[in-house]
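Participant: everything below, folded, please.
(one chain, ligands or ions: 1)
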Amino acid sequence: MLQKNRGILIVVSGFSGSGKGSIMKELMKKYSNRYALSVSATTRKPRTGETEGVEYFFKTREEFERMIAEDGLIEYAQYVGNYYGTPKAYVEEQLSAGKDVILEIEIQGALKVKASHPDTLLLFVTPPNAEVLKNRLVGRGTEEMAVIESRLARAAEEAEGVEAYDYLIINDDLSECVEEVHQIIKNEHYKVARNLAGIETIRNELKAFAGTEREGKTK
Ligand code: 5GP
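Facilitator: Purely as a prediction, here's the structure:
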């Protein structure tokens, strides 16, 4: 019998304002039994409506640097003046339990995860064009203009790194995007390279059958 695989580690990145957060929220709502969304630690201040332990674990710089020193993070990066990082324990636990674990992180972190976990699936979310991106950032109303400008500058830098990703998700329609992401992840499970243990089991079972057949014939 084919055994249940370890979950797949998935990184979702995208420009600030690409709508990746909304895609992840919907995906989790619709398929909560399949996916686990990692909650990152950050030194950024909470936005209105954000709750400790839901969107992020909010830390001081000292607390964050202690997590780094204690090797408690899979990866971390600086983004527009703040630290962001992925706590290790939860991700490992959920992968072992067979859940696909999603990290919603920026590009430097994504590349670090890919280097330490080469079988990570990397998805990049983009809005259909730059105008939509700017309007979403301004319309969100949660950041000052200077921060929006830094985020747009950062988006321009990140646009140069998209080639490192496996799939591009164009966020035109939220529910279509959610289904696309779900399908891509589902397909990933069928890759032969991710099923080598199961294939080995079947091979050995077939060899055992062939052996019994031969014995039967020689009797
Ligand atoms: P925001 O401040 O808008 O919540 O996030 C800013 C950026 O940091 C986003 O691109 C987000 O995906 C990224 N980010 C969030 N958590 C992490 C993390 O744990 N590690 C890294 N490298 N980036 C993160």
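
Participant: name the element whichever residue of the chain sits closest to the ligand belongs to?
Facilitator: Ranked by CB to the nearest ligand atom, the top residue of the chain for proximity to the ligand is Gly109, at 2.3 Å. The way it works is simple: take the backbone N, C-alpha and C, and place the C-beta from them, glycine included. Taking DSSP states H and E as the criterion, Gly109 maps to helix 107-116.

Participant: list the buried residues for that helix?
Facilitator: For helix 107-116, the neighbour count (16 or more other CB atoms under 10 Å) marks Ile107, Gln108, Gly109, Ala110, Leu111, Lys112, Val113, Lys114 as buried.

Participant: ok, residues contacting that helix?
Facilitator: 9, 11, 13, 74-77, 79, 84-86, 103, 105, 120, 122, 158, 161, 164-165 (CB atoms under 8 Å, 6 or more residues apart in numbering).

Participant: stretch 55-65: end-to-end distance?
Facilitator: End-to-end span of stretch 55-65 (CA to CA, to the nearest Å): 20 Å.

Participant: near the ligand, which residues of the chain show up?
Facilitator: Contact residues, the chain versus the ligand (CB under 6 Å from any ligand atom): 16, 40, 44, 75-77, 79, 84-86, 104-106, 108-109.

Participant: which of those fall within helices?
Facilitator: Gln108, Gly109 (DSSP state H).

Participant: and Val178, what does it touch?
Facilitator: Contact analysis of Val178 by CB under 8 Å, 6+ apart lists Ile23, Glu26, Leu27, Lys30.

Participant: can you say which of these are buried?
Facilitator: For the contacts of Val178, buried by 16+ other CB under 10 Å: Ile23, Glu26, Leu27.

Participant: and the helices in the chain?
Facilitator: Using DSSP H, helices in the chain cover 20-30, 61-69, 88-96, 107-116, 130-140, 145-159, 174-189, 196-218.

Participant: just put these in a markdown table and tack on mean pLDDT and distance to Thr48.
Facilitator: Formatted as a markdown table, the helices of the chain follow (pLDDT from 0 to 100; distance: least, CB to CB, whole Å):
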| stretch | mean pLDDT | distance to Thr48 |
| --- | --- | --- |
| helix 20-30 | 95 | 15 |
| helix 61-69 | 98 | 22 |
| helix 88-96 | 95 | 26 |
| helix 107-116 | 96 | 25 |
| helix 130-140 | 86 | 11 |
| helix 145-159 | 88 | 14 |
| helix 174-189 | 96 | 22 |
| helix 196-218 | 87 | 47 |
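
Participant: from those, which stretch is densest packed?
Facilitator: helix 107-116 (a mean of 19; mean count of other CB atoms under 10 Å).

Participant: that helix to helix 145-159, inter-axis angle?
Facilitator: Put simply, helix 107-116 runs at 40 degrees to helix 145-159, going by axes from the mean of the first three to the mean of the last three CA atoms, to 10 degrees.
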